[in-house]
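Student: take a look and give me a structure for this.
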Amino acid sequence: MMTDNSKKKKKKRGGSKRKMTLEQTVAYKAVSDWVFLDQSNSGGGGGGGGSNNSNNNSGIFVDAFLDDFGVQWYQPKEKLVFEFHSHTTCSDGFLSPTKLVERAHHKGVKVLALTDHDTMSGIPEAMDAARRFGIKIIPGVEISTIFHSRGDSSGAEEPVHILAYYSSCGPTKAALLEKFLGDIREGRFLRAKNIVSKLHKLKLPVKWETVAKIAGKGVAPGRLHIARALLEAGHVENLKQAFSRYLYDGGPAYSTGSEPVAEEAVELIRETGGVAVLAHPWALKNPALIIRRLKDAGLHGLEAYRSDGKLSVYSDLADAHDLLKLGGSDYHGRGGPHESDLGSASVPVTMVHEFLKMARPIWRNAILEILENYIKDPSDSNLQHIIKFGRTKAAKTNLPICNANELINNCLSSWLSKEERENAEFETIKSTMGDLVVHAESI
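Tutor: This next block holds a predicted model:
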């Protein structure tokens, strides 16, 4: 027989509703429209896509209701979970891009930003996997940089990581960004070898071959790979101990690489059509100075939300400098009770809305630039730039040729709204591309 206490607990659980204010409702509708663009552009009404009519909320909301004080609230049909910070085996994560996407789906993530360290090599695989689960991928990268406290009395320097978020077509000037990231990865190899050398001097020998094997073919080794090698060799009890004793910033085995200056990375992200966000500012020794200087360089936002909630000090710093507030789990897939899982950093829908209001015009202009470059030079390499991150099932055709407009529309339908793709600038591009054909072997 159910006790009074259990009835009360049950009632409390059952009565818990995700209520939203009018401001949250407007944000939810706008975010939902973008998340499910491919469905709304194709006329589907599933998920949160709904109708192109901005007044039709029936697809994403339960009816509004009044509380005991006469305040009107709205209730969403489903939660929109964003993950803005994640890693795979393409850098120092434990899961492949495909497995990461599968886990994101299992955790209810609708939009996943893949932000491997200094590489975007995992994005195409993640895109392919995401199509199977209806997840939208934001192509991203976490760039390793160094910050110099010039003019500061300490004269110190410290590592700073900058997250970059790009459109479905990836960065403009892709070769420039890849050269920039390639130089960092090359420096990571040298840095890792220096760390291994220091560990030998500390009487903690690990084999370079073991580190390289853990990192994987073609992956620039990071501290996490070396920590795993230390664990395998029995020098530490867990990964946390490897960092707390030897590998922390300035630690006995720590070594710097050839990272670029942080301001330079922010400027390049902007130049290549990305949104620049400061990663984990709570790990910085002098966050106020760094945030101010990076804002001057063009920083768009910073992480202020973690799995354990909003960090007020960084939220206040973001407000003081008129910066976006984001956050993510920084998921690596290493497991254990101390790792935050995908989607666990609950960034408010109002903050996601602000991010998209900032990002979408930047991404739209980047896509426009990439398409214009293709018109100037309709080469296979420029076509690959368009479809590398934006392929759809429709793009994988068995026909020997297809219309370039049709192919590119398929690639962009999940990223740009119908109105965005039908404005004057894109219409001019379509008319110019009308006679271009694409051979199947180019896709």
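Student: next, the nearest residue to Glu232 once chain neighbours are set aside: secondary structure please.
Tutor: Spatial nearest neighbour of Glu232, chain neighbours left out: Thr210 (6.5 Å); criterion: Cβ to Cβ, 6 or more residues apart in numbering. Backbone N, C-alpha and C define where each C-beta goes, glycine included. Recorded secondary structure, Thr210: helix (DSSP: H, G, I helix; E, B strand; the rest coil).
Student: which residue ranges of the stretch 51-200 of the chain form strands?
Tutor: 61-66, 72-76, 81-83, 109-114, 136-148, 157-165 (DSSP state E, counting those that start in this stretch).
Student: one step back: can you read off the pLDDT for the residue nearest to Glu232?
Tutor: pLDDT, Thr210: 95.
Student: would you confirm that it contacts Ala229?
Tutor: Yes - with contacts counted by Cβ atoms under 8 Å, Thr210 reaches Ala229, the gap being 4.8 Å.
Student: quick one on the thing from earlier: tell me the most buried of the strands of the stretch 51-200 of the chain?
Tutor: strand 109-114 (a mean of 26; mean count of other Cβ atoms under 10 Å).
Student: ok, the closest residue to Gly222 other than its chain neighbours - contacts?
Tutor: Nearest residue to Gly222 in three dimensions, chain neighbours excluded: Asp92, at 4.4 Å (Cβ to Cβ, 6+ apart). Shown in contact with Asp92 (Cβ atoms under 8 Å, 6 or more residues apart in numbering): His117, Ala215, Gly222, Arg223, Leu224, His225, His332.
Student: for Leu294, see how far away Gly108 is.
Tutor: Using Cβ to Cβ, to the nearest Å, Gly108 is found at 32 Å from Leu294.
Student: those two: which is more packed in?
Tutor: Under the criterion of other Cβ atoms under 10 Å, the comparison of Gly108 against Leu294 puts Leu294 first, with 26 against 12.
Student: touching, the more buried one and Glu264? I think so.
Tutor: No - in this structure, Leu294 is not within contact of Glu264 by Cβ under 8 Å, at 10.8 Å.
Student: the more surrounded of Thr210 and Ala229?
Tutor: Taking neighbours as other Cβ under 10 Å, Thr210 and Ala229 compare with Ala229 leading, 27 against 17.
Student: for the more buried one, give me its contacts.
Tutor: Val206, Lys207, Thr210, Val211, Ile214.
Student: which SSE is it in?
Tutor: helix 223-232 (DSSP states H and E).
Student: just the buried residues of the helix or strand just after that helix, please?
Tutor: Using DSSP H and E, the helix or strand that directly follows helix 223-232 along the chain is helix 239-242. Of all the residues in helix 239-242, those buried under the rule 16 or more other Cβ atoms under 10 Å are Leu239, Ala242.
Student: can you check stretch 356-376 too?
Tutor: For stretch 356-376, using 16+ other Cβ under 10 Å, the buried residues are 356, 359-360, 362-364, 366-368, 370-371, 373-374.
Student: turn those residues into JSON lines, columns for distance to Glu125, secondary structure and pLDDT.
Tutor: Below are the buried residues of stretch 356-376 laid out as JSON lines (distance: Cβ to Cβ, whole Å; DSSP: H, G, I helix; E, B strand; the rest coil; pLDDT from 0 to 100):
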{"residue": "Leu356", "distance to Glu125": "25", "secondary structure": "helix", "pLDDT": "98"}
{"residue": "Ala359", "distance to Glu125": "23", "secondary structure": "helix", "pLDDT": "98"}
{"residue": "Arg360", "distance to Glu125": "25", "secondary structure": "helix", "pLDDT": "97"}
{"residue": "Ile362", "distance to Glu125": "25", "secondary structure": "helix", "pLDDT": "97"}
{"residue": "Trp363", "distance to Glu125": "21", "secondary structure": "helix", "pLDDT": "96"}
{"residue": "Arg364", "distance to Glu125": "26", "secondary structure": "helix", "pLDDT": "94"}
{"residue": "Ala366", "distance to Glu125": "22", "secondary structure": "helix", "pLDDT": "95"}
{"residue": "Ile367", "distance to Glu125": "22", "secondary structure": "helix", "pLDDT": "93"}
{"residue": "Leu368", "distance to Glu125": "27", "secondary structure": "helix", "pLDDT": "92"}
{"residue": "Ile370", "distance to Glu125": "21", "secondary structure": "helix", "pLDDT": "92"}
{"residue": "Leu371", "distance to Glu125": "24", "secondary structure": "helix", "pLDDT": "90"}
{"residue": "Asn373", "distance to Glu125": "25", "secondary structure": "helix", "pLDDT": "90"}
{"residue": "Tyr374", "distance to Glu125": "24", "secondary structure": "helix", "pLDDT": "87"}
